[in-house]
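Engineer: just to be clear, the model below is a prediction. Sequence and coordinates:
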Amino acid sequence: MTKVTQHIYKHQIQSQNKSKGFWAHLLLILLVSLVSVKVSAQEVRSEILKTHKLSNSKGGDVYVVIQRVENIMGVPYQLEVRGSCDKKFYKSASEAPLLNVQNYCDVKLSSPKISGNSLSFTYRAVDAKRFNQLTRKIDDPEKLIHLRPTCLKTAEKESWNLETYCKSSHEDSSEGN
């Protein structure tokens, strides 16, 4: 009888371990899901700071939208270029097709200007060296999400040729026809 009792006891312990393993796995899956939802919610938040309505060299609308976007990488400003390459007009930036988008550490809100076919603006890049040093010092992954970079002290001027975006968008639309 003792062998039968031992066998039943062993079976009960194994089934308890299996149920504990199931609940542990379920709890781990829920925890990972909650963290990923929190991270994705941080990526989505944005606030439009300034919208510039400019004219391209052919007489159409070009919108430059500068917004503050909270994302994991910590680059808080996003510059979107929307509009037309021809004499096409839009009521708002949200109606205009997206031509280009780029993220920066800082963007001077009053800087976007169009001269000929070039859009120029002033920005500051992330101090990548300092940011990398900080990430190596942090041992808790949760703290990395809240880490904010510092910008370089010197501002740089960038210029984009709008024709490059116009050619690629025209090629894309002609391929669909």
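Structural biologist: Sure thing, it's come through.

Engineer: switch to C-alpha atoms for all contacts and neighbour counts from now on
Structural biologist: Will do.

Engineer: how about Val81: which residues does it bridge to?
Structural biologist: Val64, Asn100 (DSSP bridges).

Engineer: my guess is it contacts Ile66, does it?
Structural biologist: No - counting by C-alpha atoms under 8 Å, Val81 does not reach Ile66; the two are 9.0 Å apart.

Engineer: got any ranges where the chain has weak pLDDT?
Structural biologist: The chain contains residues with pLDDT under 70 at 1, 4-9, 11-45, 71-74, 167-177.

Engineer: which stretches in it count as strands?
Structural biologist: In the chain, the strands defined using DSSP state E lie at 46-55, 61-69, 77-83, 98-104, 106-107, 113-115, 118-124, 156-161.

Engineer: sheet partners, orientation included, of the fifth one?
Structural biologist: Strand 106-107 has these partner strands in its sheet, going by DSSP bridges: strand 118-124 (antiparallel).

Engineer: now the last one
Structural biologist: Partners of strand 156-161 in the sheet, by DSSP bridges, are strand 118-124 (antiparallel).

Engineer: got a list of contacts for the strand it pairs with?
Structural biologist: Here strand 118-124 makes contact (C-alpha atoms under 8 Å, 6 or more residues apart in numbering) with 104-108, 111-114, 151-162.

Engineer: and stretch 66-83, which residues are buried?
Structural biologist: 66-72, 74-83 (16 or more other C-alpha atoms under 10 Å).

Engineer: for that stretch, which outside residues touch it?
Structural biologist: 39, 42-51, 60-65, 89-90, 93, 96-107, 109, 126, 145-149.

Engineer: one step back: redo the strands of the chain as CSV? Include distance to Lys10.
Structural biologist: Shown next, in CSV, are these (distance: least, C-alpha to C-alpha, whole Å):
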stretch, distance to Lys10
strand 46-55, 57
strand 61-69, 56
strand 77-83, 61
strand 98-104, 60
strand 106-107, 64
strand 113-115, 77
strand 118-124, 66
strand 156-161, 71
